[in-house]
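>>> for reference, the sequence and a predicted model appear below.
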Amino acid sequence: MKRAGYQGSHLIGFIIIAVVAVRALIHFQGMTALGVLISLLALYAVLYGMEPWLSRRFPRFALIYIPVQSVVVIAAANLRPFTDITCLMVVPLGLQAARAFSRRTAAVWMTALILLLSVTLIVGMGWLGGTALILLYLAVGAFLISYDFLFAQTQSDEAESLRLLADLQSAHAKLQEHAAQAEELAAARERNRLARELHDSVSQAVFSITLTSQSARLLLERDPARVPEQLDRLQKMTEDSLSQLRSLIAQLRPPQN
């Protein structure tokens, strides 16, 4: 998306170059200035076309590129007989400067270049015609540069939104992982509690059954009539212990999905 938007604004420069070239062929037909202007346009077009690649390869390329292209634009605009259309090449150059430099640096450079071109337009067309064309170029340039800034800001906001979404998804995954770990920890604690309870219950039941069986053995020698009562008690304790053990064992089993 961002690359497509950049290519769209870059295409505007090639359209302007083509318009200036056609206008030059008509205006300077048969004149020596035609060859000079075509040479300047060719240099401008080659540098303009290679600028994206060179800027990626050489980060400081704009410090050379922008001044060289500015000289080309001023030289083309000052060819005689005067033609107003060559000044239009400042528009794509302004877009590139706005991307390459800070806003303050780009504004200073554009102001200086526009002042130089304003002198050329006023000298070539007079105060009224030159001023009108200056205002027209300023309006077109301001619109395109504002659009470019807006598009770049939109892309930046979209990239920031995608980054935040990725962070949220990562945080959500971590929360789910922590929740699963907390659930496993709670289940482990519950199993440990039931295991301790089972151990205590078994120990207590075995101890009570042992005492009851020993009492029955003693009564068998001293008072046999009371032995059936002890045996009934022993049976009841055994049944209760088994029932309690089954209940605790059932709670230790993992839930079935």
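Received it, and whenever you're ready, just let me know what you need.

>>> the host helix or strand of Leu37: which residues count as buried?
Under the criterion of DSSP states H and E, Leu37 resides in helix 32-57. Counting neighbours by 16 or more other C-beta atoms under 10 Å, one finds that the buried residues in helix 32-57 are Leu34, Leu37, Leu40, Leu41, Leu43, Tyr44, Ala45, Leu47, Tyr48, Glu51, Ser55. The way it works is simple: take the backbone N, C-alpha and C, and place the C-beta from them, glycine included.

>>> redo the residues you listed as TSV? Include pLDDT and distance to Ser241.
Formatted as TSV, these follow (pLDDT from 0 to 100; distance: C-beta to C-beta, whole Å):
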residue	pLDDT	distance to Ser241
Leu34	91	113
Leu37	92	109
Leu40	94	106
Leu41	93	103
Leu43	95	102
Tyr44	94	99
Ala45	94	98
Leu47	93	95
Tyr48	92	94
Glu51	89	89
Ser55	87	85
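
>>> in a markdown table, list those residues along with distance to Leu93.
Converted to a markdown table, the buried residues of helix 32-57 look like this (distance: C-beta to C-beta, whole Å):
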| residue | distance to Leu93 |
| --- | --- |
| Leu34 | 22 |
| Leu37 | 17 |
| Leu40 | 13 |
| Leu41 | 13 |
| Leu43 | 13 |
| Tyr44 | 9 |
| Ala45 | 12 |
| Leu47 | 10 |
| Tyr48 | 8 |
| Glu51 | 10 |
| Ser55 | 14 |
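
>>> for Gly94, state which of those is nearest.
Using C-beta to C-beta, Tyr48 is the member of the buried residues of helix 32-57 that sits closest to Gly94, with 12.4 Å.

>>> tell me the spacing between the closest one and Ala166.
Applying C-beta to C-beta, to the nearest Å, the value for Tyr48 to Ala166 is 36 Å.

>>> in three-state terms, label Gln29 for me.
What DSSP: H, G, I helix; E, B strand; the rest coil gives for Gln29 is coil.

>>> can you tell me how far it sits from Ala21?
In this view, Gln29 and Ala21 are 13 Å apart by C-beta to C-beta.

>>> who's more crowded, those two?
Ala21 (15 against 8; other C-beta atoms under 10 Å).

>>> name the helix or strand for the more buried one, please.
Applying DSSP H and E as the criterion places Ala21 in helix 2-27.

>>> and the average pLDDT for that helix is what?
Averaged across helix 2-27, pLDDT comes to 77.

>>> tell me which other helices or strands the particular helix or strand that has Val72 in it touches.
Using DSSP H and E, the secondary-structure element containing Val72 is helix 62-77. Packing partners of helix 62-77 (3 or more C-beta pairs under 8 Å, 6 or more residues apart in numbering; DSSP states H and E): helix 32-57, helix 90-100, helix 103-222.
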